[in-house]
Structure formats: C-alpha cells, structure tokens
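> Next comes the sequence, and after it the predicted model I'd like to discuss.
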Amino acid sequence: MDCIFCKIINGEISSYKVFEDDLVFAFLDINPLSKGHTLIIPKKHFVDILDIDNKSLERVAVASKNLAIRYSKKLGAEGFNLRQSSGAIAHQDVFHFHMHLVPRYKNDGIDLNSHHTNQFIEVEEVFEQL
C-alpha cells in the first residue's frame, strides 16, 4: 500500500510521535497551523468516516481528548479545533482516516471559519429527507 500514514505507522517514514496504543497513532503535523497541531489516526487503514469501524473511531476520539488535556497543561492551549475531512470534495488530502487536533492560543490569527458561505439551505426540507 502506498499510504503515507501507513508508512509512518510502520516506521518507514519518521514522525514526531506523541501517542500510540494498540489501535491509534498520533504525531505532530509537519505543516502545523499552531503549536501542537497533531494528526490522530487509526493504525488500521480506513479511507474515511464511512469506512472506519466504530471501535477505532471511538479510540481516535478518546485519544484526541486526552491529547487536548495534555496540551492545555503542557503547552498552555486555551482551546481546540478538532477537524476531520472525508472525501476529495471535502478537501481530504490523505485517504487514511485522520483527525486534526489544532490547539488554539489567544491572538493566534487562525481563522478556520472562513468556510462559511451566504448560501441559503432550507433546513426543514433537509430534515424531512433524513
């Protein structure tokens, strides 16, 4: 498999590992948005949110929370963005499920809300389809 994250898990590519257990691997992003920006991934290859099993997803979520607690204490992070993209249209760039944990700091200048549009979507109509 030619997956960069699988290669990182297997030690074929070096990383700054911050957490590992039997199901999850977490490492610092090499192009961080903030101090401590971390990728949390399942060790088993899953393409996206539609593919990942519930146990692995739960463990990724718990690892994300535990890292956030650690970063608030060790790095002084005051808040966090937890982001996940699934599918090319959602700007997923590595097709191995992963979460971004982005620690936030006062006046860090990061604007992750620039994705909002003025497009009107009829919520009631969508709700009825669900």
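Everything's here; your move.
> So, low pLDDT: which residues of the protein?
Applying pLDDT under 70 to the chain flags the ranges 114-127, 129.
> mind listing the helices for it?
Using DSSP state H, the helices assigned to the chain run over residues 4-9, 54-74, 123-129.
> what residues does the shortest one touch?
Outside of helix 4-9, the residues within contact range by C-beta atoms under 8 Å, 6 or more residues apart in numbering are 13-15, 25, 27, 39, 41, 43, 45, 94, 96, 98. In this view, the C-beta of every residue, glycine as well, is placed from N, C-alpha and C.
> residue boundaries of the strands in this structure?
17-20, 24-28, 38-42, 79-83, 99-104 (DSSP state E).
> Note down every partner strand of the shortest one and its orientation.
Right, strand 17-20. strand 24-28 (antiparallel) (DSSP bridges).
> Now the partner strand: buried residues?
By 16 or more other C-beta atoms under 10 Å, the buried positions in strand 24-28 come out as 24-27.
> tell me which of those is nearest to Asp51?
Nearest to Asp51 among the buried residues of strand 24-28 is Val24, at 15.9 Å by C-beta to C-beta.
> separation between the residue most central in space within the chain and Glu20?
Per C-alpha atoms, centre = their mean, the C-alpha nearest to the average position across the chain is that of Met99, at 1.4 Å. Counting by C-beta to C-beta, to the nearest Å, the gap between Met99 and Glu20 amounts to 15 Å.
> before we move on, what about Pro103?
Pro103 is 19 Å from Glu20, by C-beta to C-beta.
> Who has more neighbours out of these two?
A count of neighbours by other C-beta atoms under 10 Å puts Pro103 above the other of Pro103 and Glu20, at 24 against 13.
> ok, the residue nearest to that one when sequence neighbours are not counted - contacts?
Once flanking residues are discounted, Pro103 sits nearest to Ala77: 3.5 Å by C-beta to C-beta, 6 or more residues apart in numbering. By C-beta under 8 Å, 6+ apart, the residues touching Ala77 are 35-36, 68, 71, 103-105.
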